[in-house]
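Participant: Here is a sequence with its predicted model. Questions after.
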Amino acid sequence: MKVLLDTNAYSALMRGRSEVAERVRKAEHVLMSTIVVGELMFGFRNGTQFQQNIDLLESFLANRHVTIVPVTLTTADRFGRIAASLRTKGRPIPTNDIWIAAHTLETGADLLSYDEHFSVVDGLTWIPLLPKK
């Protein structure tokens with residue numbers, strides 16, 4: 001099984017949340033969207049532990065079971081299809097999350113996220129995590 005981590009799932013994993021750690025341990029491969037990495041970098045730059053967070057992320061990404069997924073023309077096409085479908089349904093979600101959903105569909109992975117709005121994306125395998133506490 002392949003899993004793609006949403007930003008909040010990565011953050012929860014780094015905080016030792018068992019519901020995320022368990023699923024990541026069971027996965028054969030862990031994917032990180034470049035969009036997620038960008039959201040993390042933004043958060044790190046606005047936080048007080050930039051270097052510590054960067055070091056932790058770089059260490060995580062260096063794991064042989066983890067792959068960064070680049071944006072491709074296929075990703076862009078999937079983004080357009082998802083965005084159009086959500087507009088038609090009248091169910092918008094944040095733009096970055098549409099990109100993350102596109103990467104998830106492109107790679108055939110299961111998305112790990114706390115965000116319930118992923119449930120409205122057709123064809124997406126979203127694994128809802130327990131509400132954050």
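Facilitator: On my side now, so go ahead. Numbers count the residues shown, from 1 in each chain.
Participant: Let's see the pLDDT reported for the residue lying farthest from the centre of the chain.
Facilitator: Most distant from the centre of the chain: T88, at 24.0 Å, with distances by CA atoms, centre = their mean. With respect to pLDDT, T88 scores 97.
Participant: can you tell me how far it sits from D122?
Facilitator: 11 Å (CB to CB, to the nearest Å). Where C-beta positions appear, they are placed from N, C-alpha and C, glycine not excepted.
Participant: likewise T48?
Facilitator: Plainly put, T48 is 40 Å away from D122 if you go by CB to CB.
Participant: who has more neighbours, these two?
Facilitator: Shown here are T48 and D122; by other CB atoms under 10 Å, D122 has more neighbours (11 against 7).
Participant: any idea of the pLDDT on that one?
Facilitator: At D122, the pLDDT recorded in the model is 96.
Participant: which residue sits closest to it in space, ignoring its chain neighbours?
Facilitator: Excluding the flanking residues, the one nearest D122 by CB to CB, 6 or more residues apart in numbering is S85, at 6.0 Å.
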